[in-house]
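Student: got a structure for you, letters missing:
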């Protein structure tokens, strides 16, 4: 009897399981069917709406423009990285995201008071070889006047196929007659690694500005070249301001420093076929050299893949500010009529399993705004050596440094082209300067700069002035102004007195900017970078850490304060958040 009961129970279990599977399959099929019905229904609505608006709207409509606005608005509800690229923008997209290569002369321009002016000349390209100089004003290109033209107009005139020529007429300060140059265009391909060299006697330095095609090859070549110097015992890898690019290049770069078969990053999305684990597949160039990676709030995406992997594999020390926090992967798909869709297909996860995406685009606020991942939802992960790291807010550095800020005075001098103009004047009056790493303005030369500013306009408002103005408004609203008027007058007068000495108060800061700008006139982008090394706090901090081998090892082991990196609510995390909010307020 007992055996029959057990057999009956067994049959019932099987029946229940089969029924459940069948029911689940039916529900799943029903769900998919309903989903695709919704897709089809809404496509039909969108098509008929677009057709009828074009037929019946009172004024004539540009169909392409209307469609692009509709698509942009639709995709804008997802995230900033899912975008539609029309045929007219394909080349610009490739330049920005795949390979910065075009036919031209190798110079940048800006517009100023209705004139187009050379703002940057790149070393080794036709413009520099033809003695085009920063500050030269373009009068015409191939007979087309540059007066009241846009920057885009002029750059389009200057671009063209490699080997073709372009005739440009310039006006140069200090030269009476116009200068006419016929320049043969060349292939302009900007390097992903704009600079590498030595910072001090024992420390190598590689700057990577973007993750476009061949960036890993360029980093490899720079590393191999630096290693030929027997004195190089340490390496700084600078990813500050690097907004990312191609994921595969990030994987290859990490592979230069870690063992073969080491997991570097994973991507996971809705489509299972796109879930991929990326491993180091080649023999590393150097798995032992002490390595420091520099990051800041502009380091994003592929930069964060490299930084997160180096940190979690305890392969190197991270110095700087918390990175941007972009943990999303995009894929580009061809659409009809030579258009493209770049769409977010997955999130990426560093070796420990954390996703560093900082903004939650999936769960928007009622007003459509996007919030950061709250501290309560942030999860702890472990590096290879057991150090604690956290997801949801970018890569937090092992050693945090305060970000640099320019004073309102310095910003005003720069934005009003006064530093730019003085650097041009200086280069006209001095045939050469000392190497950029060593170049310094004398006290007399700074006095010359102050005289140069006489009579020139560079109005600016200090934060203190804005606060006083806000306080005055509040006092007037509360009917307290008359009682406090004398105090306000005293504060304003004190502020004017302080500002009258601002050029002396900010002498060190402005000198540094001037030295960098002047160095670029003689040594181009390399000179600008090398000039900044003298006062680069992250570079100097890295050199300091390298000199203390015990500290470097302690950080990677997770000794003491280095056991937990960027814990939510911690003092260092609070400071970083405060600095970021201050930076965002400044931008607003």
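Tutor: In hand now; what should we look at? Everything numeric in this text was worked out from a predicted model, so none of it was measured.

Student: Remind me what the longest strand seen in the chain packs against, helices and strands.
Tutor: With DSSP state E setting the assignment, residue counts place strand 339-349 as the longest strand in the chain. Packing partners of strand 339-349 (3 or more Cβ pairs under 8 Å, 6 or more residues apart in numbering; DSSP states H and E): strand 83-85, helix 90-97, strand 263-268, strand 328-335. In short, each C-beta sits where N, CA and C put it, glycine included.

Student: Same list (these) but as TSV, adding distance to residue 252.
Tutor: What follows is the helices and strands packed on strand 339-349, written out as TSV (distance: least, Cβ to Cβ, whole Å):
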stretch	distance to residue 252
strand 83-85	26
helix 90-97	17
strand 263-268	9
strand 328-335	16
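
Student: what helices or strands is the next helix or strand after the longest strand of the chain leaning on?
Tutor: For strand 339-349, the following helix or strand on the C-terminal side (DSSP states H and E) is strand 359-360. Counting contacts by 3+ Cβ pairs under 8 Å, 6+ apart, strand 359-360 packs against strand 371-372.

Student: Just the buried residues of whichever helix or strand comes after the strand it packs on, please?
Tutor: Counting by DSSP H and E, the next helix or strand C-terminal to strand 371-372 is strand 380-382. For strand 380-382, the neighbour count (16 or more other Cβ atoms under 10 Å) marks residue 381 as buried.

Student: What lies in contact with stretch 213-228?
Tutor: 98-99, 191-193, 196-198, 204, 206, 208, 232, 235, 237, 245-246, 249, 252-253, 255-256, 285-286, 289 (Cβ atoms under 8 Å, 6 or more residues apart in numbering).

Student: Among those residues, which lie within strands?
Tutor: Per DSSP E, those map to strands at 196-198, 204, 206, 235, 237.

Student: sorry, back to before: could the helices and strands packed on strand 339-349 be laid out in CSV, adding mean neighbour count?
Tutor: What follows is the helices and strands packed on strand 339-349, written out as CSV (neighbours: other Cβ atoms under 10 Å):
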stretch, mean neighbour count
strand 83-85, 19
helix 90-97, 14
strand 263-268, 20
strand 328-335, 15
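
Student: Out of these, which is closest to residue 184?
Tutor: Taking Cβ to Cβ, helix 90-97 is the member of those nearest to residue 184, at 21.2 Å.

Student: Which of the helices and strands packed on strand 339-349 comes out lowest on mean pLDDT?
Tutor: In terms of mean pLDDT, the lowest-scoring of these is helix 90-97 (a mean of 78).

Student: Which strands or helices does that helix pack on?
Tutor: Packing partners of helix 90-97 (3+ Cβ pairs under 8 Å, 6+ apart): strand 101-104, strand 339-349.

Student: distance between the shortest one and the chain's centre?
Tutor: Here strand 101-104 shows a centroid-to-chain-centroid distance of 23 Å under the convention Cα atoms, centre = their mean, to the nearest Å.

Student: Need the distance between the two termini of stretch 223-241.
Tutor: 20 Å (Cα to Cα, to the nearest Å).

Student: Buried residues of that stretch, list them for me.
Tutor: By neighbour count on 16+ other Cβ under 10 Å, the buried set for stretch 223-241 is 223, 226, 232, 234-241.

Student: Let me know how buried residue 303 is, in neighbour terms.
Tutor: Residues near residue 303, counting by other Cβ atoms under 10 Å, number 29.

Student: which SS state does the residue lying closest to residue 375 once chain neighbours are set aside fall under?
Tutor: Nearest residue to residue 375 in three dimensions, chain neighbours excluded: residue 568, at 3.9 Å (Cβ to Cβ, 6 or more residues apart in numbering). Following DSSP: H, G, I helix; E, B strand; the rest coil, residue 568 is assigned to coil.

Student: Confirm residue 229 sits in a strand?
Tutor: No. Residue 229: not assigned to a strand; according to three-state DSSP it is coil.

Student: Run through the residues that contact the nearest residue to it once chain neighbours are set aside.
Tutor: Distances taken as Cβ to Cβ, 6+ apart place residue 198 nearest to residue 229, at 6.9 Å, with adjacent residues excluded. If you count contacts by Cβ under 8 Å, 6+ apart, residue 198 has them with 204-205, 226, 229, 232.

Student: repeat that with 7 Å
Tutor: 204-205, 229, 232 (Cβ atoms under 7 Å, 6 or more residues apart in numbering).

Student: which one of the buried residues of stretch 223-241 sits closest to residue 64?
Tutor: residue 241 (35.2 Å).

Student: wait, doesn't the closest one sit right on residue 300?
Tutor: No. The pair residue 241 / residue 300 is not scored as a contact, 9.5 Å apart, by Cβ atoms under 7 Å.

Student: okay, the helices and strands packed on helix 90-97 in TSV with mean neighbour count and mean pLDDT next?
Tutor: Shown next, in TSV, are the helices and strands packed on helix 90-97 (neighbours: other Cβ atoms under 10 Å; pLDDT from 0 to 100):
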stretch	mean neighbour count	mean pLDDT
strand 101-104	18	81
strand 339-349	18	94
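
Student: Can I get the ones you listed in a markdown table including distance to residue 68?
Tutor: Converted to a markdown table, the helices and strands packed on helix 90-97 look like this (distance: least, Cβ to Cβ, whole Å):
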| stretch | distance to residue 68 |
| --- | --- |
| strand 101-104 | 24 |
| strand 339-349 | 10 |
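
Student: Out of these, flag the one nearest residue 329.
Tutor: Nearest of the helices and strands packed on helix 90-97 (Cβ to Cβ): strand 339-349, 4.3 Å.

Student: Now find how far off-centre the closest one is within its chain.
Tutor: With Cα atoms, centre = their mean, you get 18 Å for strand 339-349.

Student: quick one: contacts of it?
Tutor: Applying Cβ under 7 Å, 6+ apart, the contact partners of strand 339-349 are 79, 81-87, 90, 93, 265-269, 271, 274, 305, 327-335, 355, 357.

Student: I'd like to know how far the residue most central in space within the chain sits from residue 273.
Tutor: Centroid-nearest residue in the chain: residue 243, 3.2 Å away (criterion: Cα atoms, centre = their mean). In this view, residue 243 and residue 273 are 28 Å apart by Cβ to Cβ, to the nearest Å.

Student: ok, now residue 335?
Tutor: For residue 335 relative to residue 273 (Cβ to Cβ), the value is 20 Å.

Student: out of the helices and strands packed on strand 339-349, nearest to residue 443?
Tutor: Nearest to residue 443, of all the helices and strands packed on strand 339-349, is helix 90-97, at 43.5 Å by Cβ to Cβ.

Student: Distance from the chain centre to that closest one, please.
Tutor: On Cα atoms, centre = their mean, the centre of helix 90-97 falls 16 Å from the chain's centre.

Student: ok, now stretch 517-533?
Tutor: Here stretch 517-533 shows a centroid-to-chain-centroid distance of 21 Å under the convention Cα atoms, centre = their mean.

Student: which residues are contacting it?
Tutor: With contacts defined as Cβ under 7 Å, 6+ apart, stretch 517-533 is touched by 121-123, 134, 194-195, 199, 207, 419-420, 423, 426-427, 432-433, 436-437, 439, 515-516, 539.

Student: so residue 520 is in which element?
Tutor: helix 507-533.

Student: and what of residue 187?
Tutor: Assigned by DSSP H and E, residue 187 falls in strand 186-189.

Student: which strands and helices sit next to that strand?
Tutor: Secondary-structure packing of strand 186-189 (3 or more Cβ pairs under 7 Å, 6 or more residues apart in numbering; DSSP states H and E): strand 101-104.

Student: what mean pLDDT does the very next helix or strand once past the strand it packs on have?
Tutor: Next along the chain after strand 101-104, taking DSSP H and E as the criterion, comes strand 107-112. The average pLDDT within strand 107-112 is 94.

Student: going forward, begin numbering at 851 instead of 1
Tutor: Done: numbering now begins at 851, and the last item shifts to strand 957-962.

Student: Strand 957-962 pairs with which strands?
Tutor: Sheet pairing of strand 957-962 (DSSP bridges) gives strand 965-971 (antiparallel).
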